[in-house]
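# Output the structure for:
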Amino acid sequence: EVQLQASGGGLVQAGGSLRLSCAASGFTFEDYTVGWFRQAPGKEREGVSCISGSAGSTYYGDSVKGRVTISRNNADNTVYLQMNSLKPEDTAVYYCNAVSTMKVNYWGQGTQVTVSS
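As a prediction, the model looks like this:
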């Protein structure tokens with residue numbers, strides 16, 4: 001059974017940090033690019049960051065660039081998103097997504113991040 005389990009969300013004050021984790025099982029993890037997306041109430045889903053299967057390539061959205069770092073441990077089938085200097089506008093449900101070169105696509109359930117001002 002394919003699973004993507006996102007965790008690490010919570011309530012934090014502005015300027016604080018959170019580390020999100022996305023734990024995968026049921027597929028060949030290193031063959032997949034993994035990304036984080038977020039969706040705030042009333043807004044469209046937004047791409048936050050992604051990392052290639054080998055971790056050789058990363059992408060950061062303009063709204064988070066310089067404040068977040070994505071990494072992965074293929075031995076543990078986990079991708080991490082370290083978020084620093086959090087702002088109230090970072091408040092959203094964060095989802096992880098895994099996509100292969102053959103466009104096989106998996107989504108995990110979301111984890112809520114709330115940043116208070």
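
# and the residue positioned nearest the centre of the chain, how far is that from Ser117?
Among the residues of the chain, Trp36 comes closest to the average C-alpha position under CA atoms, centre = their mean, at 2.9 Å. In this view, Trp36 and Ser117 are 23 Å apart by CB to CB, to the nearest Å. Yep, even glycine has a C-beta here, placed from its N, CA and C like the rest.

# re the thing from before, now the residue nearest to the centre of the chain. Its backbone dihedrals?
Dihedral angles of Trp36 (phi, psi; degrees, to the nearest 10) stand at phi -110, psi 130.

# mind listing the strands for this protein?
3-7, 10-13, 18-25, 32-39, 46-51, 58-60, 68-73, 78-83, 92-100, 105-107, 111-116 (DSSP state E).

# Columns mean pLDDT on top of those, output as TSV?
Shown next, in TSV, are the strands of the chain (pLDDT from 0 to 100):
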stretch	mean pLDDT
strand 3-7	96
strand 10-13	98
strand 18-25	98
strand 32-39	98
strand 46-51	98
strand 58-60	97
strand 68-73	98
strand 78-83	98
strand 92-100	97
strand 105-107	95
strand 111-116	98
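
# Now for Val12: which residues touch it?
18, 86, 113-116 (CB atoms under 8 Å, 6 or more residues apart in numbering).

# now Asn77
With contact taken as CB under 8 Å, 6+ apart, Asn77 is in contact with 23-25, 29.

# quick one: which of those is nearest Arg67?
Ala23 (23.1 Å; CB to CB).

# who touches the residue of the chain positioned farthest from its centre in this structure?
For the chain, the residue at maximal distance from the C-alpha centroid (CA atoms, centre = their mean) is Ser117, at 22.4 Å. The contact partners of Ser117, taken as CB under 8 Å, 6+ apart, are 14, 88.
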